[in-house]
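Colleague: Build me a model:
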Amino acid sequence: MFKSIHIHTIVLWLSTFLFAGCGESTDDYAFVDKPVWVNLAISVSMTDVSLPVVKTVADASSTVAGNVADSPMPGTRAAEDALPAGNNEKINTLRIVIVRPDGIVEYNRFISLSSAVDSYGDEKFEVLGNEKKRIYLFANEGTEIKTAEGTMRKVVDYALAAIKEGERFPAADISGLRIRLEDNTEQLAGPLPMSECHDITVGGTDSRHELFVTRAAVKFSFNITNNSGRNIVLKGLTIARMAKEEYYLPKNTIYNDVVIDGVDCKEITSYDVPSDVGYYEYGSDKGLSETLSAGSKVSLSPIYLLEGKYTAVDDERNYSMKIFFDGMELGDWFPKLSRLPRNTHVIVNITIGKTAVDWDVDVLPYIPVDLDPEFGL
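Modeller: Residues are numbered from 1 along each chain as shown. Below you'll find the predicted structure:
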């Protein structure tokens, strides 16, 4: 008989601030006092990294880069899974745009790193003090997507380098930028796009601010163990109700404090998606040919798709997954799971036995819903 799936919810890709995504207006961060020139240092990490920064020379331009020092992490599964898996989930390039209260760009600086890092800092700027500033962060902006026809296109069709210092920041244009997947077999590939927007207050003296960027992706990992006693050929998989588009910059995103396994964490509790986003089924029942020999365990390459929200009109069936092997189909719906925000990691562990199939799914970061889907052959 088939054994029902059970869901564990823990946290991955954590943030270090309570933050609501920046809008287009700059009226809410006007001058604090008479401006003076001060030094501003900015360090940037991914939302799951809060570790010491060690300065190294990034490249021939003498830009200072930060490499994360070895540091013990709490002995929990949440902490272990929170570490980035590979350079594509780290910062490879970084753009920092500083906007003054009147909407004028003070700096637009691009940093190309010699190697992928978890954290970067400190990047120093001489700025006008005694005012609030809006900081836009864009990591891995040059990433391209391979289309179904085999050609390449940019993740975002906008020249961020064309934003000129001393001119007005194109807030409406940036706020409306979208990442899109145009075919049901496309996914994000290469260094993952990351972005954020922060409001900070710069006083009348030198200061340092620790900021973060958020991966604009939902990650799916499939780990399959074959205990059936025979070789099995995996033919394909599908993930239903995935979003075709998402905002490039997190929009009206709110992070909430949570404690999971004794670790202080953040979860995305609210966020906006385009009203005309559209949903589709990723993948197909063909295209894979992965042989699982008897007694083996295979981890498929991660799949990176877009954040979304989906609620069925007539019931609570939202997202679903299926795998296809040896002429059989395995899968079903996830009830009551109506949202998958960016920075979420869905880990699917499948054990194929002689007479039963067990599913174990971890949804990270924390999603406070009662998940009890029924998967079966």
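Colleague: got the contact list for Leu340?
Modeller: Residues counted as contacts of Leu340 (Cβ atoms under 8 Å, 6 or more residues apart in numbering) are Val218, Glu307, Gly308, Lys309, Tyr319, Val346. Placement of C-beta: from N, CA and C, glycine included.
Colleague: can you pick the most crowded of these?
Modeller: Counting neighbours by other Cβ atoms under 10 Å, Glu307 leads the contacts of Leu340 with 27 neighbours.
Colleague: what's the neighbour count on the residue lying closest to that residue once chain neighbours are set aside?
Modeller: Spatially, and ignoring its direct neighbours in sequence, Glu307 is nearest to Arg342 (4.1 Å; Cβ to Cβ, 6 or more residues apart in numbering). For Arg342, the neighbour count with other Cβ under 10 Å is 27.
Colleague: on that earlier part again, among the contacts of Leu340, which lie within helices?
Modeller: Using DSSP state H, no member of the contacts of Leu340 sits in helices.
Colleague: now these in JSON lines, with distance to Glu329?
Modeller: What follows is the contacts of Leu340, written out as JSON lines (distance: Cβ to Cβ, whole Å):
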{"residue": "Val218", "distance to Glu329": "23"}
{"residue": "Glu307", "distance to Glu329": "27"}
{"residue": "Gly308", "distance to Glu329": "24"}
{"residue": "Lys309", "distance to Glu329": "27"}
{"residue": "Tyr319", "distance to Glu329": "17"}
{"residue": "Val346", "distance to Glu329": "20"}
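Colleague: Tell me which two of these sit farthest apart.
Modeller: Lys309 and Val346 (15.1 Å; Cβ to Cβ).
Colleague: Check what pLDDT the residue nearest to Thr201 when sequence neighbours are not counted gets.
Modeller: Spatial nearest neighbour of Thr201, chain neighbours left out: Lys132 (5.0 Å); criterion: Cβ to Cβ, 6+ apart. At Lys132, the model reports a pLDDT of 95.
Colleague: Could you check how far Lys132 is from Ile224?
Modeller: 51 Å (Cβ to Cβ, to the nearest Å).
Colleague: Please say which of those two ends up with more neighbours.
Modeller: Under the criterion of other Cβ under 10 Å, the comparison of Lys132 against Ile224 puts Ile224 first, with 22 against 16.
Colleague: Enumerate the positions of whichever helix or strand that one is part of that are buried.
Modeller: Assigned by DSSP states H and E, Ile224 belongs to strand 218-226. Across strand 218-226, burial judged by 16 or more other Cβ atoms under 10 Å covers Val218, Lys219, Phe220, Ser221, Phe222, Ile224, Thr225, Asn226.
Colleague: Flag every buried residue along the helix or strand following that strand.
Modeller: Remark: after strand 218-226, the chain's next helix or strand is strand 232-243, criterion DSSP H and E. For strand 232-243, the neighbour count (16+ other Cβ under 10 Å) marks Ile232, Leu234, Lys235, Gly236, Leu237, Thr238, Ile239, Ala240, Arg241, Met242, Ala243 as buried.
Colleague: so the fifth one touches Leu288, yeah?
Modeller: What it means is Leu237. Yes. In this structure, Leu237 is within contact of Leu288 by Cβ atoms under 8 Å, at 6.8 Å.
Colleague: Quick check: Gly331 vs Trp359, distance?
Modeller: For Gly331, the distance to Trp359 - Cβ to Cβ - is 9 Å.
Colleague: Looking at the two, which is more packed in?
Modeller: More crowded of Gly331 and Trp359, by other Cβ under 10 Å: Trp359, with 23 against 19.
Colleague: from memory the more buried one sits against Gly353, does it?
Modeller: No. Using Cβ under 8 Å, Trp359 is not in contact with Gly353; the gap is 11.8 Å.
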